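S.K.: generate coordinates for the sequence data below:
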Amino acid sequence: MEQEVNVNDLDDSQKQALVCMYYAMLPKTDARYKQRMHDWAVLEKRFGTKKTTYKHAKDSFDFYFPNNGRKGWSDDRDLRRRGIAYQEVFELYKDYSADQLEKTVKEIIHGYEYEEPTFVSMKCGFPETVHNILNGNRDITVDGVYTLKEELSIGKTVFVTLGGDTGKSEVDWNPGFIGVAHVIKEPYDFGYNGKEKYFKFDIEVDCVFEKPFKREDFLSYREAYDAPYIGPELSRDPSQALSTLDMIKAVAVIRAVLDEFPDMLERFKEIFDKEFMDRVLGAVTVMIPTAVKFGENKEDAVNSIREEMSIEDESSEEEEMEYRPYVKPNYYTGCSRKNKDTGKVYSHNRIVFGAPGTGKSFKLDGEQEDLILEGGECERVTFHPDYSYANFVGTYKPVPTKKGISYEYVPGPFMRTYVKAIENGQSENKEDIKPFLLLIEEINRANVAAVFGEVFQLLDRDDRNASQYPVKPSEDIKAYLAKKLGGEPDQYEEIKIPDNMYIWSTMNSADQGVFPMDTAFKRRWNFEYIGINNKEEKINGTYLVCDKAQMPYRVDWNELRKAINTTLASRDYKINEDKLMGPFFVSKSVLENKDAFRETFKSKVIMYLFEDAAKQRRHMLFDGCDEDTRNQYSAICEEFDKRGIDIFCKEIRDKVKKEYLSELE
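M.R.: You can find the predicted model right below:
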């Protein structure tokens with residue numbers, strides 16, 4: 001039996017090679033083969049390697065998998081020419097099936113597609129700070145900020161932008177992105193100006209550019225557009241502020257600077273690591289200005305440029321589609337799925353909600369595997385405050401190709417899932433009808449009314465689980481459906497969600513900054529609540545070890561969690577249940593590592609209680625700390641290191657049994 005591939009055992013080069021080999025295994029007739037361009041685009045953004053390079057790598061593998069129906073390159077083109085990682089991956093996994101590798105490839109792409117923020121973007125408009133930077137001072141104290149203190153660790157890279165209203169006399173500098181620095185002293189002097197939330201931190205300036213880069217300097221770099229305080233302006237910013245900056249945007253910003261000042265290359269190589277610079281020097285999406293006459297179609301104007309370019313489109317042969325006749329969409333396929341264990345029929349529109357740590361995502365992840373056990377697909381998306389209709393459903397965008405720019409309708413996860421469900425529903429064999437699931441994480445963190453748009457109407461399902469009421473799609477969507485499903489655009493005057501398309505979501509109403517849902521939206525979903533102690537037995541035997549205390553001891557995590565919850569829910573605190581902590585508030589893998597759990601307890605549990613759940617009751621909850629430290633997170637953490645759970649109030653301490661380590665030996 002084939003062993004499961006552990007993604008953590010692969011380095012980045014091997015992961016890229018495995019993705020290419022997986023698609024070499026698949027024949028063109030396999031529906032999964034269409035996903036390759038998306039996956040290669042993700043790798044292109046992540047590593048700066050063009051999609052054509054991954055295509056050629058896939059072509060190299062083609063020869064070794066004759067069942068794919070493609071000839072591939074002859075075997076005299078040794079895989080080692082692609083890199084040792086390609087030969088290693090082939091030797092290790094050549095005998096695995098495509099089905100076996102599919103899950104691994106999805107995990108690889110998901111890991112690269114949803115990178116966490118890795119940099120800090122800072123806008124400073126205080127004259128003293130700005131003048132210190134422009135005068136060549138390397139060590140700078142930054143004040144007047146109150147956010148992202150947890151991001152400001154030693155060594156963290158900071159992108160520095162000069163702000164300020166140029167109409168004011170004290171602003172004698174030109175605003176714009178001016179340089180790069182790194183943190184040399186973590187946040188300190190909290191409340192130095194009499195306001196508790198403000199703090200200071202110190203940076204060392206690594207480089208200052210010859211000129212500040214204004215927002216318009218980044219117009220040609222699409223991925224830099226919403227880089228906070230740097231890219232083209234979307235809203236007015238405060239004069240002194242911090243924000244996070246993810247890897248893709250940071251790469252685009254530095255590439256823009258490097259394109260204008262190539263002599264900065266060696267300095268950037270000293271500042272940033274090799275992985276980052278490889279991406280900067282690799283393929284970065286740029287938008288090419290195009291002259292368009294009045295009344296001329298934009299696509300025709302772009303095509304005139306494409307005709308002048310002799311570069312072959314790497315995917316023209318594979319993506320070319322013959323005209324297909326229109327087949328009326330089948331919205332009633334008879335697709336209904338039951339839970340294999342309970343026999344419960346899965347709802348088509350469902351929202352699983354509960355307090356943080358109750359296992360909402362874990363529950364849906366397991367049930368989606370059950371749903372598509374015998375075939376079908378699941379696409380997962382996470383909503384956030386900036387998520388839009390264009391992200392979710394789709395929109396018309398300029399898309400870069402090797403021949404230039406092509407204006408195309410780019411579908412979002414909703415439209416991709418919809419098309420797959422409709423295509424599958426056309427099968428005459430009922431056994432071939434499979435479920436297609438769109439799984440939305442944190443659905444209430446976005447403005448759902450704006451994100452769903454007219455799709456909102458489609459959520460009303462009839463007795464057979466297809467949309468009860470159709471909607472009229474836009475011209476862009478009609479053209480896209482004709483391209484994907486066959487026929488002409490005017491044959492798609494109305495659309496419905498078919499009964500083999502499922503939409504599941506998670507929701508935590510305790511999150512800060514969430515958007516409210518109106519009643520009309522809510523009634524179109526089946527809500528399933530997960531209780532605060534659901535499946536708590538799965539964390540039995542996990543302990544918080546307080547081994548730095550004067551007399552080291554441990555406490556049962558579940559016992560401590562329930563004691564905290566009981567106290568928060570009491571008459572004195574009056575904290576709602578959706579603010580309490582579920583059993584998996586800390587992941588099980590962390591719970592089982594005593595050192596990791598101790599540190600996570602400070603950064604996650606104490607932080608959550610301090611900043612959110614018990615924010616208005618800090619003086620009561622942390623009654624075990626000195627009175628003058630109960631409103632200082634860092635001081636509470638220091639007390640925790642010395643005393644453990646004795647930082648909490650008596651109500652909690654009395655409910656939790658300490659097991660002293662000396663007695664357990």
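S.K.: alpha carbons only for contacts and neighbour counts from here, please
M.R.: OK.
S.K.: wait, what's in contact with the nearest residue to Phe622 once chain neighbours are set aside?
M.R.: Closest residue to Phe622 in three dimensions, ignoring its sequence neighbours and counting by CA to CA, 6 or more residues apart in numbering: Phe648, at 4.5 Å. By CA atoms under 8 Å, 6 or more residues apart in numbering, the contact list for Phe648 reads Leu621, Phe622, Asp623, Gly624, Cys625.
S.K.: the fourth one and Gln632, how far apart?
M.R.: So the one you mean is Gly624. 13 Å (CA to CA, to the nearest Å).
S.K.: neighbour count winner among these two?
M.R.: Gly624 (20 against 15; other CA atoms under 10 Å).
S.K.: count of neighbours near the residue nearest to that one when sequence neighbours are not counted?
M.R.: Leaving aside its chain neighbours, Gly624 sits nearest to Ile647 (4.2 Å; criterion: CA to CA, 6+ apart). Residues within reach of Ile647, counting by other CA under 10 Å, total 23.
S.K.: quick check: Ile647 touching Phe640?
M.R.: Yes. Contact criterion CA atoms under 8 Å: Ile647 and Phe640 qualify, at 6.1 Å.
S.K.: can you give me the helices in the stretch 551-665 of the chain?
M.R.: If DSSP state H, counting those that start in this stretch is used as the criterion, the helices of the stretch 551-665 of the chain fall at 557-568, 588-591, 594-600, 607-608, 618-621, 633-643, 650-653, 661-664.
S.K.: just list what the first one packs against, helices and strands only.
M.R.: Same thing as helix 557-568. Applying 3 or more CA pairs under 8 Å, 6 or more residues apart in numbering; DSSP states H and E, one finds that helix 557-568 contacts helix 650-653.
S.K.: related to what we said a few turns ago, for the residue nearest to Gly624, give its distance to Cys546.
M.R.: Distance of Ile647 to Cys546, given as CA to CA: 12 Å.
S.K.: what's the answer for Cys378, then?
M.R.: With CA to CA as the criterion, Cys378 and Cys546 are 42 Å apart.
S.K.: which one of the two is surrounded by more residues?
M.R.: Cys546 (24 against 18).
S.K.: just the pLDDT for Tyr331.
M.R.: We have a pLDDT of 92 for Tyr331.
S.K.: nope, Thr290 is what I meant
M.R.: Reading off the model, Thr290 has pLDDT 66.
S.K.: can you list the domains in this protein?
M.R.: Following automatic domain parsing, the chain resolves into domains at 7-113, 119-280, 349-530, 536-664.
S.K.: do a quick rundown of the strands in the stretch 51-200 of the chain.
M.R.: Applying DSSP state E, counting those that start in this stretch to the stretch 51-200 of the chain gives strands spanning 119-124, 139-145, 157-162, 176-188, 199-213.
S.K.: deepest of those, which one?
M.R.: For the strands of the stretch 51-200 of the chain, the largest average neighbour count (mean count of other CA atoms under 10 Å) is found in strand 157-162, namely a mean of 26.
S.K.: other SSEs contacting that strand?
M.R.: strand 119-124, strand 176-188.
S.K.: looking at those, which is nearest to Lys483?
M.R.: Nearest to Lys483 among the helices and strands packed on strand 157-162 is strand 119-124; the distance by CA to CA comes to 40.3 Å.
S.K.: what angle sits between the closest one and strand 139-145?
M.R.: For strand 119-124 against strand 139-145, the angle between stretch directions is 80 degrees (axes from the mean of the first three to the mean of the last three CA atoms, to 10 degrees).
S.K.: just the CA trace of strand 119-124, in PDB.
M.R.: The C-alpha atoms that make up strand 119-124 are tabulated as PDB, following Å, rounded to 0.1, in the frame of the first residue of the first chain:
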ATOM      1  CA  PHE A 119       6.700  42.400   6.600                       C
ATOM      2  CA  VAL A 120       5.600  45.600   8.200                       C
ATOM      3  CA  SER A 121       4.700  48.700   6.300                       C
ATOM      4  CA  MET A 122       5.200  52.000   8.200                       C
ATOM      5  CA  LYS A 123       4.000  55.400   7.300                       C
ATOM      6  CA  CYS A 124       5.700  58.200   9.400                       C
END
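S.K.: packing partners of that strand?
M.R.: So strand 119-124, by 3+ CA pairs under 8 Å, 6+ apart, packs with strand 157-162, strand 241-245.
S.K.: compute the inter-axis angle for that strand and strand 176-188.
M.R.: Interaxial angle, strand 119-124 versus strand 176-188 (the same axes, to 10 degrees): 100 degrees.
S.K.: partners of strand 119-124, with directions?
M.R.: Within its sheet, strand 119-124 is paired with strand 157-162 (parallel), strand 241-245 (antiparallel), according to DSSP bridges.
S.K.: other residues contacting the shortest one?
M.R.: Residues from elsewhere that reach strand 241-245, judged by CA under 8 Å, 6+ apart: 117-124, 144-145, 147-148, 227-228.
S.K.: dump those residues into CSV; add pLDDT as well.
M.R.: CSV is the format used below for these (pLDDT from 0 to 100):
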residue, pLDDT
Pro117, 56
Thr118, 77
Phe119, 90
Val120, 91
Ser121, 92
Met122, 91
Lys123, 91
Cys124, 90
Gly144, 87
Val145, 88
Thr147, 83
Leu148, 84
Ala227, 82
Pro228, 83
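S.K.: from those residues, which is closest to Gln491?
M.R.: Ala227 (40.8 Å).
S.K.: show me the contacts for the closest one.
M.R.: Ala227 makes contacts with Leu245, Lys249, Ala250, as judged by CA under 8 Å, 6+ apart.
S.K.: any idea of the pLDDT on the closest residue to the second one other than its chain neighbours?
M.R.: It refers to Lys249. Excluding the flanking residues, the one nearest Lys249 by CA to CA, 6+ apart is Ala224, at 4.9 Å. Looking at Ala224, its pLDDT stands at 86.
S.K.: what pLDDT does the closest residue to Asn534 other than its chain neighbours get?
M.R.: For Asn534, ignoring the flanking residues on the chain, the nearest one in space by CA to CA, 6+ apart is Thr358 at 6.5 Å. Looking at Thr358, its pLDDT reads 89.
S.K.: now swap in the one 4 residues further on and tell me
M.R.: Among the per-residue scores, Phe362 shows a pLDDT of 87.
S.K.: again with Lys478
M.R.: You'll see Lys478 listed with a pLDDT of 91.
S.K.: swap in Asp263?
M.R.: On pLDDT, Asp263 comes in at 88.
S.K.: shouldn't it be within a helix?
M.R.: Yes. Using DSSP: H, G, I helix; E, B strand; the rest coil, the assignment for Asp263 is a helix.
S.K.: what's the local residue count around it?
M.R.: Here the number of neighbours of Asp263 (other CA under 10 Å) works out to 10.
S.K.: ditto for Asp11
M.R.: Count around Asp11 with other CA under 10 Å applied: 10.
S.K.: separation between it and Arg36?
M.R.: 20 Å.
S.K.: the nearest residue in space to Arg461 that is not next to it in sequence: what's it in contact with?
M.R.: Of all residues beyond its chain neighbours, the one nearest Arg461 is Ser467 (4.4 Å), with distances taken as CA to CA, 6+ apart. With contacts defined as CA under 8 Å, 6+ apart, Ser467 is in contact with Leu458, Leu459, Asp460, Arg461, Lys496, Ile497, Pro498, Asp499.
S.K.: go with 7 Å
M.R.: With contact set as CA atoms under 7 Å, 6 or more residues apart in numbering, Ser467 has these partners: Leu458, Leu459, Asp460, Arg461, Lys496, Ile497, Pro498.
S.K.: for Asp556, see how far away it is.
M.R.: Ser467 is 49 Å from Asp556, by CA to CA.
S.K.: also Ile539?
M.R.: Separation of Ile539 from Asp556 (CA to CA) stands at 10 Å.
S.K.: tabulate the CA atom coordinates of stretch 201-220 in CSV.
M.R.: The C-alpha coordinates for stretch 201-220 follow below in CSV (Å, rounded to 0.1, in the frame of the first residue of the first chain):
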residue,chain,number,x,y,z
PHE,A,201,9.9,50.9,19.1
ASP,A,202,13.4,51.3,17.5
ILE,A,203,14.5,50.5,14.0
GLU,A,204,17.8,50.5,12.1
VAL,A,205,17.6,52.0,8.6
ASP,A,206,19.2,49.6,6.1
CYS,A,207,18.9,51.9,3.0
VAL,A,208,17.4,55.1,1.8
PHE,A,209,16.5,55.6,-1.8
GLU,A,210,17.7,58.5,-4.0
LYS,A,211,14.2,59.7,-4.1
PRO,A,212,10.9,58.8,-2.5
PHE,A,213,8.6,56.6,-4.6
LYS,A,214,5.1,58.0,-5.0
ARG,A,215,2.0,55.9,-5.3
GLU,A,216,1.8,56.6,-9.1
ASP,A,217,5.3,55.1,-9.5
PHE,A,218,3.7,51.7,-8.8
LEU,A,219,0.9,51.9,-11.3
SER,A,220,2.5,49.4,-13.6
